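Q: Pasting a predicted model and its sequence here:
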Amino acid sequence: MVKVSPSMLASDFSRLGEEVSRVAEAGADCVHLDVMDGVFVPSITIGPPVIDSIRRFTDIPFDVHLMIENPIQYIDDFAKAGADCLTIHCEAKSDVTDTIDRIHVLGKKAGIALNPETPVQRIVQYLNEVELVLVMTVHPGFGGQSFLGENLTKIAYLREYAEEYGLKYEISVDGGINRETGRMCVKAGATVLVSGNYLFKASDLTREIEDWHVF
Ligand code: DX5
Ligand code: ZN
């Protein structure tokens, strides 16, 4: 079954806790929380105190996407706030292996993300260390952008690589995901669909998530 992870960036931030409950009740498998520091990407979003305050609204995993320049400095705070999976960017400044190790020491799952312009070869050395790979299908920093189709080949590569080396990482896609692009990603080998604007505009979120589960 394909997993669906709504990106809360597109939700009503004034009622974030209730929005988290709503997506969980609609059948979401996890909650995608976008953390931006104004340095790695131009926008600034939320940090550990906000994550901590919404943690009590659901039991489903919090999948925290760290679009921050120096993730290693904040791993402990995010873990304490209730993150279950922490995804860092390979383009960030922290040492990737040290950061992944710290995430694992804290008993959390680690993910590695790559930007659209970053070749997939750049993360191959980390693939046996992570539980998730996040393929960005838009430039990070903003919701509501159009899907960049050239990233489909990365998904296919990651799927083949996992099969060849017996690795079990999830392949997640993030940016411009709707019914059409989501289906294309699943066909290429994606196992987790992150979606913000499209899912939050859906008239029947439960039905939408049900459909996506069987793409
Ligand atoms: C973009 C974020 C995404 C974003 C996706 O930097 O990482 O998670 O919220 O939003 P949509 O689905 O609207 O492209
Ligand atoms: Zn994201």
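A: Sure thing, it's come through. Ligands and ions are numbered 1, 2, ... in the order given.
Q: quick one: terminal-to-terminal distance for stretch 120-132?
A: 14 Å (CA to CA, to the nearest Å).
Q: can you tell me if that stretch touches ligand 2.
A: No. No part of stretch 120-132 sits close enough to ligand 2 to count as contact by CB under 5 Å from the ion; the gap is at least 12.0 Å. All C-beta spots, glycine's among them, are computed from the backbone N, C-alpha and C.
Q: Okay, buried residues for that stretch please.
A: Neighbour counts over stretch 120-132 (16 or more other CB atoms under 10 Å) mark 120, 123, 126, 127, 129, 130, 131, 132 as buried.
Q: Please apply the same query to stretch 104-115.
A: 108, 109, 110, 111, 112, 113, 114, 115.
Q: The second one: what's it in contact with?
A: The contact partners of residue 109, taken as CB atoms under 8 Å, 6 or more residues apart in numbering, are 84, 85, 86, 103, 131, 132.
Q: Mind doing that once more with 7 Å?
A: By CB atoms under 7 Å, 6 or more residues apart in numbering, the contact list for residue 109 reads 84, 85, 131, 132.
Q: Neighbours of residue 57, how many?
A: Residues near residue 57, counting by other CB atoms under 10 Å, number 17.
Q: how about it, phi and psi?
A: Residue 57 has phi and psi values of phi -80, psi -10 when expressed as degrees, to the nearest 10.
Q: That one against residue 17, yeah?
A: Yes. Look at residue 57 against residue 17 with CB atoms under 7 Å: they come within range, at 4.4 Å.
Q: in which helix or strand would I find whichever residue of the chain sits closest to ligand 2?
A: Residue nearest to ligand 2 within the chain (CB to the ion): residue 65, separated by 3.7 Å. Taking DSSP states H and E as the criterion, residue 65 maps to strand 62-67.
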